[in-house]
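Q: sequence first, then the predicted structure:
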Amino acid sequence: MRRRDEKFPENGFEAWGGYMHAKVSKLKEQFSSKAAAEIRVSNIFNGISIFVNGFTIPSADELKELMVQHGGVYHTYQTNDDFIIASNLPDTKVKNMSLSKVVKPEWITDSIKCNCLLDYNIYLLYSNKRTQPKLNFNRLNKTESTPNFENDNTTVYEESKANAIISDENTNNNQLLDTNHKPNKLQQETKQCNIAKTAVDPNFISEFYNNSRLHHISQLGASFKQYINDLRDESNYLFPARVHLSEKIRFINKQSTYSINFEYNKIIMHIDMDCFFVSVGLRSRSDLKGKPIAVTHSKGGQSQKRPGVDRNVEFNLYKQRQAAKWSKVSETSENNIETRVDNIGDEGDKFGSMSEIASCSYEAREKGVKNGMFMGAALRLCPDLQTIPYDFDGYKEVAYTLYNTIAQYTLDIEAVSCDEMYVDCTTLLKDLNVDVVDFATVLREEIKEKTGCPCSTGFGGNRLQARLATKKAKPNGQFFLTSDLVEDFIFNISLKDLPGVGRQISQKLESLGHYTCGSLQQLTLAHLQKYLGNKIGLQLFNQCRGRDLNSLTFHVVRKSVSAEVNYGIRFENNEQCYNFIKQLSAEVHSRMEQFKVVGKCITLKLMVRAKDAPVETAKFMGHGYCDVINKSVSLTSPTSDPQIIAKEIVSLCMKLNIDPREMRGIGIQITKLESVNNRQTKGSLSKFIVSEKINNKPVKKEDLMSINDMQNSHIAKTNPVTPKKVFQSPNMRSPILSSKRSPTIGPKRSPSRKRGRPPKSLKLEQSTKSVMDKFLQGNSSNTILQAKVSMEKKEIKQETVIETPAKKEKGLLGLHWEQTRELLRAWLDSNQTPKLCDINMISDYMCDMVINKNIDKLYILINFFRRRVTELNDEIWSEVQNCILEKVQNTMIAVYGKKLWFESN
DNA sequence: ATCCTCCCCTAC
DNA sequence: TAAGGTAGGGGAGGAT
């Protein structure tokens, strides 16, 4: 018998890799439904690049496609050479930008109509920089530019009424232009020309979003998650920059070697910029370095007194609510409740500013200033606190640099936000063969050099450890939490510092007398679950022991899209409210277009002034003390149509019957999403597996714990729990998969069997995956990554049906199973000796299918494979088959407790 | 039991 | 003045 290595040479991948690549490209074409749409039609826009700002008709997506078709370039992010396509720009933005290249979208559409590039000067949105922006509201509201739905037949009274309202021509915008509409014409026009003050103003939404830090944080976070998805899809998984990195590291430490921390399966890095917004702002203000600084809208000027404001009344309401909430937990706390509104001065007071601090420097933190604090309260703590303005473009730029820096070296990145990510460094560090700390030093130096901003990194065996390590490392430092340190380290960690433990949960725990992880370790799992619920209890039980069941997620799949505005909402009548809903629906629509999703469930979120709250809010244009009301409808078919969304929301609004003058916030959320591109019906068995009852036994706590203990072996030593439960009953056959029937293709097997359901817990799936990763540890060298190059493609991402949680993690290879079948076919027919890396790749893929409960597809795939192997009648291939099947069955046992049944064995 | 809806909580 | 968004996880409790 030959040695395994000979039979499955490790480094012989390239030939097959190249072959696979070609094969995959071909497959890609076949599977690409969009290929036809991307054919070049003309070269009208040769040399022209555009950036779309805000809501346009046609939509940004449509413009993108048009540009591609006609030889132009579409930029998701604005560059200097871009023409800016916009129908409407917020005034503040207009003030700060050159308007000489801001062009209406008609420039694009008309040019295409004429089949030649028209003079953009004719289409300038603002003809002269000096003049006030003059927007043609008529144009924006014309029916021709918005799809109408007058043909929509509805039976429900409210709906038809809602319909009528939405399609009503006489909107607020038009009123503004109506010269006969005298009451506040002058006043309104003044508003138009200056700043959008309330949501009644047509520019309000974009104005608000342009200045909202929370909106930017959220959007940037989402876009970096997408960015990582894209990079992973497009990468060849070769990281030439690693060579330089390795050299640099050896320059600072010649002896640097990767000493494996045997206790850890993985080395996870957490990386976080230090007080991000401040650092970015200080790049150009080195004079302010070392001083207490806060990023806020407030410029320090004293606020005016507004009539009707009673801060005390409002603040007391907040306190009462908080007290009521906490008294549920324990009767002890009554008076000493700390709230956000403490220490705020009165209006006009030196400490009266209610502008929120987005980020503050460490010097300010030392004085007790915190992010999210009101400026007034912060000034009380730190009177010499200086403010700097927001620089949203700067944040984006620095964040890109940060991400690109890391992405040179690895793409095993989970983006958390624009300034924070987790990185699985296991293979990277092995490849570089350097010490963890040296690696951190050099990496942080590079980031500092490129961005001008400091960052901190933490390393550990799981994400919790990495994250806590970063916390310790800050500011501008690094920390490797080695396995020998974990126990002591975690013991002293404050419960508040655990991710997922916020104000409410820490309050609950404190009322039980627990402030630190060490103390919480006294509580039993059952006890914790009784107080906090099953999931959170388990999570905490593990966290306070330094364990973390959650593995990193490299691919993100969206589950909801929403837009909400809880600032500046002041309506005088229903008409203004409905008009705003129309605009917000358009916003939601354009986001859905961007993500290429449609949704079935529409939710209205309203903030309404609470009964006792003052009409005039303490914070200027804030929402004040409110009741929150949510209401949702489910549609029969998914949509992203702004008209339908608006209609449904108005209809919900009418049912709630709330005085529009009391509204303080409006949000629209769409859930039950489906991807637009490929709304395939799922295989019947897959549906069956997800929704039918198969196994009535709930997930056992012990199962979860034992899995966890395998994952954190160093802790298992002090706290031994054998993992045998997970692997019990390997001979029991799955009631679904083992019943007597011929192994025909999925859809034909009617889901008549009722019993047994795979454990539902996502946690279990994820942790099982980690166990399996360990189990199936192949040689995860670069060759496998290279294979992903060819295999991981965009189409797959798009076909994913979003709502199935099991699909959240798509495993190592994001390939469509049918593509994999074709690859298998090609592989078997290639007449080459199978390589170990290829075998691992295939088995990993299949194991992921088990984990993702894609059993019906897996079944087809394996049967196909077995059939072909039998036909080949080759000893080596038979062994390959056995090798793969063994791994798959191991995974089956771990996930389902049962093996997959096949006809002839 | 399990599913669905309406929340609440947390994070950035 | 001020720009209090957004997504995901999960619990409570009623409907089935």
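A: Perfect, I can see it now.
Q: tell me how many other residues crowd residue A:285.
A: Using other CB atoms under 10 Å, residue A:285 has 13 neighbouring residues. Bear in mind the C-beta positions are built from the backbone N, C-alpha and C, glycine included.
Q: return the distance of it relative to DNA strand C.
A: 19 Å (CB to the nearest atom of the strand, to the nearest Å).
Q: quick check, that residue in contact with residue A:388.
A: Yes. Residue A:285 is within contact range of residue A:388, at 6.5 Å (criterion: CB atoms under 8 Å).
Q: then residue A:606 would be within a helix, right?
A: No. Counting by DSSP: H, G, I helix; E, B strand; the rest coil, residue A:606 is not part of a helix but strand.
Q: phi and psi next, for the residue lying closest to it once chain neighbours are set aside.
A: Excluding the flanking residues, the one nearest residue A:606 by CB to CB, 6 or more residues apart in numbering is residue A:629, at 4.6 Å. Main-chain torsions, residue A:629, degrees, to the nearest 10: phi -130, psi 130.
Q: neighbours around the residue in chain A positioned nearest to DNA strand B, how many?
A: Across chain A, no residue is closer to DNA strand B than residue A:502, which sits at 2.4 Å (CB to the nearest atom of the strand). Close neighbours of residue A:502, defined as other CB under 10 Å, add up to 10.
Q: can you check residue A:445 too?
A: Using other CB under 10 Å as the criterion, residue A:445 is surrounded by 12 other residues.
Q: let me know the pLDDT of it.
A: Residue A:445 carries a pLDDT value of 97.
Q: now swap in the one 4 residues further on and tell me
A: Per-residue confidence for residue A:449 comes out at a pLDDT of 96.
Q: shouldn't the residue nearest to residue A:606 be in contact with residue A:610?
A: No. Counting by CB under 8 Å, residue A:629 does not reach residue A:610; the two are 11.1 Å apart.
Q: between the two, which one's more packed in?
A: Counted by other CB under 10 Å, residue A:629 and residue A:610 do not tie: residue A:610 has more neighbours, with 17 against 14.
Q: who's in contact with the more buried one?
A: A:317, A:625-627 (CB atoms under 8 Å, 6 or more residues apart in numbering).
Q: how close does it get to residue A:356?
A: Residue A:610 sits 21 Å away from residue A:356, going by CB to CB, to the nearest Å.
Q: before we move on, what about residue A:868?
A: Taken as CB to CB, the span from residue A:868 to residue A:356 is 63 Å.
Q: more neighbours: which of these two?
A: Taking neighbours as other CB under 10 Å, residue A:868 and residue A:356 compare with residue A:356 leading, 20 against 16.
Q: so what pairs up with the more buried one in the strands?
A: According to DSSP bridges, the partner residues bridging residue A:356 are residue A:374.
Q: quick one: the helices in the stretch 501-650 of chain A?
A: Applying DSSP state H, counting those that start in this stretch to the stretch 501-650 of chain A gives helices spanning A:503-511, A:517-520, A:525-532, A:534-543, A:574-595, A:642-656.
Q: any chance of CSV for those helices, columns mean pLDDT and mean neighbour count?
A: Below are these laid out as CSV (pLDDT from 0 to 100; neighbours: other CB atoms under 10 Å):
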stretch, mean pLDDT, mean neighbour count
helix A:503-511, 92, 17
helix A:517-520, 96, 20
helix A:525-532, 92, 16
helix A:534-543, 95, 21
helix A:574-595, 95, 22
helix A:642-656, 94, 23
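Q: so can I have TSV of the ones you listed showing distance to residue A:108?
A: Output for the helices of the stretch 501-650 of chain A, formatted as TSV (distance: least, CB to CB, whole Å):
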stretch	distance to residue A:108
helix A:503-511	49
helix A:517-520	58
helix A:525-532	54
helix A:534-543	49
helix A:574-595	16
helix A:642-656	21
